[in-house]
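> give me the fold of what follows.
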Amino acid sequence: MSSSIMVLSAAAGAGHIRAAEALVNAFNVKGIEAHHIEVLKYTNPVFRKAYSDLYKELCNKNPDILGWIYKTLDRPWKYQKRRLAMDLLNMSPFIKLLTHEKPNLALCTHFLPAEILVYLQKKNILNIPVGVVITDYDAHAMWLYRNVDWYFVACEETKVYLTTLGIPAEIVHITGIPVDPSFGVEKSKTDIRLSLGLDVNSTTILVSAGGFGVGPVELMVRTLQNIKHPIQIVVICGKNPQLEQKLKEIRTNRHPLKIVGFTTEMDKWMAASDLLVGKAGGLTSSEALASGLILVIVNPVPGQEERNSDHFLENGVAIRCNNLPALAYKIDTLLSDKERFSRMQQNVKNFARPQAAGEIVSIVKGAIISTKNIQNKFY
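Okay, here's the model as predicted:
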């Protein structure tokens, strides 16, 4: 593979990968060739499994431990040397890839590849522009690096925080989190619902099952059946056939229930819906907001999801339910207040950044052209 632009992610949660894919698509739309590389494929198997599987395990079964780790490590500039030493021990294949391919530019949707690139720059092994794309609404200390060329953040508060820590304001750009452009394309709700086999007139609640595990999703779906307003429920199970089968066995006594397995049409399911019930992950939430959905956040994972939740609540685009048995009550209360519901929909339109990926690419391209750096690669 030969590429002038690398978009680098790590499979510690699907959001980092989806953000990278959105950026690659945005480069391609502008006629610029870019390649996505998931960097954990270029590490040893033990490190890869620990980095990826441990995160998923903690999210599903021990979220409080994950929250404790998140808060413990959130001390700006403190643990960088120890973390770098550990990563260098395990990422020799990735370093070899970089030194062999010699990309002209790198954008990172995870902090792991950014750490390696900054190290290679410091050692004069690789000298290229590097951008860091933060995929949550808050910036954890692990995202902090000096000597990168661009930071792309979700909101102004995050920029203020970074600049207070000494990162130059001129390199921090408020773009939102990159999502696939399809989520921001306005679609006819009636037409989409008809094409997906949904009732065109019912308030549609979309359940994103990622991160919940089988049992909690079953309970959530049963709880949603207690909503008094006329609704229909769609559950996206993803690559979880066990969950899909369990949910198909549920007898619905009040509201229609549609179970969807793995789908490549998430933008359509979101366009057909009014509310998203789920966690507060940066990417899924950004996709939902780009699609115009109000968020119903259920038991966010301590750490980044709780911080994302804070931003959503402050901006009036979400409600939060900490006790699952009260979920139906919370949604009924919102649906009963039409003025509040309409106001939140407008807040969503104001807060969403559906064109974030294209904006990031434009900033990068403009900066490179203005400095006459690798200009010929773009034409």
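
> which is the succeeding secondary structure element to the helix or strand containing R343?
R343 belongs to helix 338-351 when assigned by DSSP states H and E. Where DSSP H and E defines the elements, the next helix or strand beyond helix 338-351 is helix 356-370.

> quick one: low-confidence parts of the stretch 101-250 of the chain?
211-215 (pLDDT under 70).

> 50 instead, please
Within the stretch 101-250 of the chain, no range satisfies pLDDT under 50.

> which residues of it fall in helices?
Under the criterion DSSP state H, counting those that start in this stretch, helices of the stretch 101-250 of the chain are mapped to 111-122, 156-164, 189-195, 214-224, 241-248.

> just name the most buried of those.
Highest mean neighbour count among the helices of the stretch 101-250 of the chain (mean count of other C-beta atoms under 10 Å): helix 111-122, with a mean of 21. C-beta here means a position set from N, CA and C on the backbone, and glycine is covered the same way.

> name the residues that touch that one?
8-10, 12, 39-40, 51, 80, 83-84, 87-88, 91, 94-95, 98-99, 106, 108, 126-128, 130, 132, 140, 142-143, 145-148 (C-beta atoms under 8 Å, 6 or more residues apart in numbering).

> just the C-alphas of it, formatted as PDB.
What follows is helix 111-122, C-alpha atoms only, in PDB (Å, rounded to 0.1, in the frame of the first residue of the first chain):
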ATOM      1  CA  PHE A 111      -4.800   8.700  21.100                       C
ATOM      2  CA  LEU A 112      -2.600   5.500  20.600                       C
ATOM      3  CA  PRO A 113      -1.300   6.200  17.100                       C
ATOM      4  CA  ALA A 114      -0.900   9.900  17.900                       C
ATOM      5  CA  GLU A 115       1.400   9.000  20.800                       C
ATOM      6  CA  ILE A 116       3.600   7.000  18.500                       C
ATOM      7  CA  LEU A 117       3.700   9.700  15.800                       C
ATOM      8  CA  VAL A 118       4.700  12.400  18.300                       C
ATOM      9  CA  TYR A 119       7.500  10.100  19.600                       C
ATOM     10  CA  LEU A 120       8.800   9.500  16.000                       C
ATOM     11  CA  GLN A 121       8.700  13.200  15.300                       C
ATOM     12  CA  LYS A 122      10.700  13.900  18.500                       C
END
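
> quick one: buried residues of the helix or strand where S309 lies?
Here S309 sits within helix 304-314, counting by DSSP H and E. Burial within helix 304-314, assessed by neighbour count using 16 or more other C-beta atoms under 10 Å, is assigned to 304-312.

> what's the answer for stretch 174-191, then?
174-184, 187, 189.

> just those now: which is nearest C59?
I177 (18.6 Å; C-beta to C-beta).

> from N308, how far out is that closest one?
I177 sits 10 Å away from N308, going by C-beta to C-beta, to the nearest Å.

> which neighbours do those two have in common?
Jointly contacting I177 and N308 under the rule C-beta under 8 Å, 6+ apart are 136-137, 282.

> show me this protein divided up by domain.
According to automatic domain parsing, the chain comprises the domains 5-179+355-378, 184-351.

> compute the distance from the centre of the longest one to the centre of its chain.
The reference is to domain 5-179+355-378. Computed by C-alpha atoms, centre = their mean, to the nearest Å, the separation of domain 5-179+355-378 from the middle of its chain amounts to 13 Å.

> same question for the last one.
Here the centre of mass of C-alpha atoms in domain 184-351, compared against the chain's by C-alpha atoms, centre = their mean, lies 16 Å away.

> what's the end-to-end length of it?
One end of domain 184-351 to the other measures 13 Å (C-alpha to C-alpha, to the nearest Å).

> hey, where'd the strands end up in the stretch 151-300 of the chain?
172-174, 203-208, 231-236, 257-260, 275-278, 294-298 (DSSP state E, counting those that start in this stretch).

> am I right that G281 is in contact with G15?
Yes: the criterion here is C-beta atoms under 8 Å, and G281 meets it with G15 at 5.4 Å.
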